[in-house]
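S.K.: The sequence and its predicted three-dimensional model are supplied below.
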Amino acid sequence: MSSSDDSDRIFKALADRRRRRMLDLLKGGPQTTGALCSAFPELDRCTVMQHMRVLEAADLIIVQRKGRERWNHLNVLPIRDIYARWIGEYAESAVELMAKLRTDLETPAN
């Protein structure tokens, strides 16, 4: 599996606002599938499960079964990897520009 395939799956998973909302709900801690389903009353359980499968395929959630319950945990590592690849590099350039601007503004004009 290539890194490009992984990135494609992550971006596809993050493209849907309902899946992003699911991840937001999991930021507070693991939740059962039932709890996630109740957070989306406009969707039936089957649709919620389809969204969760997309998140699981992208490795954005980790599923743990405890008895009859299915607990869903947020996995932030793929998001961290996206940040490092796409944002970290640009943020470094922006910080350098801000440092240069500060130096230029603090240097007295002759």
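M.R.: That came through, no problem. Numbers count the residues shown, from 1 in each chain.
S.K.: Tell me where the model's unsure across this protein.
M.R.: Scanning the chain for pLDDT under 70 picks out the ranges 1-3, 110.
S.K.: which helix in it runs the most residues?
M.R.: The residue-count maximum for a helix in the chain (DSSP state H) belongs to helix 89-106.
S.K.: what comes up buried for that helix?
M.R.: Under the neighbour-count criterion of 16 or more other CB atoms under 10 Å, helix 89-106 has nothing buried. Where C-beta positions appear, they are placed from N, C-alpha and C, glycine not excepted.
S.K.: how about it as CSV, C-alpha atoms only?
M.R.: The C-alpha coordinates for helix 89-106 follow below in CSV (Å, rounded to 0.1, in the frame of the first residue of the first chain):
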residue,chain,number,x,y,z
GLU,A,89,6.3,22.5,5.8
TYR,A,90,4.3,25.6,4.9
ALA,A,91,4.1,26.8,8.6
GLU,A,92,7.9,26.7,8.8
SER,A,93,8.1,29.1,5.9
ALA,A,94,5.5,31.4,7.4
VAL,A,95,7.4,31.4,10.7
GLU,A,96,10.6,32.4,8.9
LEU,A,97,8.8,35.2,7.1
MET,A,98,7.3,36.5,10.4
ALA,A,99,10.8,36.4,12.0
LYS,A,100,12.2,38.3,9.1
LEU,A,101,9.4,40.9,9.2
ARG,A,102,9.9,41.4,13.0
THR,A,103,13.6,41.9,12.4
ASP,A,104,13.0,44.3,9.6
LEU,A,105,10.5,46.3,11.7
GLU,A,106,12.7,46.4,14.8
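S.K.: quick one, helices of this structure?
M.R.: 3-14, 17-27, 33-38, 45-57, 77-82, 89-106.
S.K.: could you dump those helices to JSON lines with distance to residue 69?
M.R.: Listed next are the helices of the chain as JSON lines, based on distance: least, CB to CB, whole Å:
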{"stretch": "helix 3-14", "distance to residue 69": "23"}
{"stretch": "helix 17-27", "distance to residue 69": "15"}
{"stretch": "helix 33-38", "distance to residue 69": "8"}
{"stretch": "helix 45-57", "distance to residue 69": "14"}
{"stretch": "helix 77-82", "distance to residue 69": "24"}
{"stretch": "helix 89-106", "distance to residue 69": "40"}
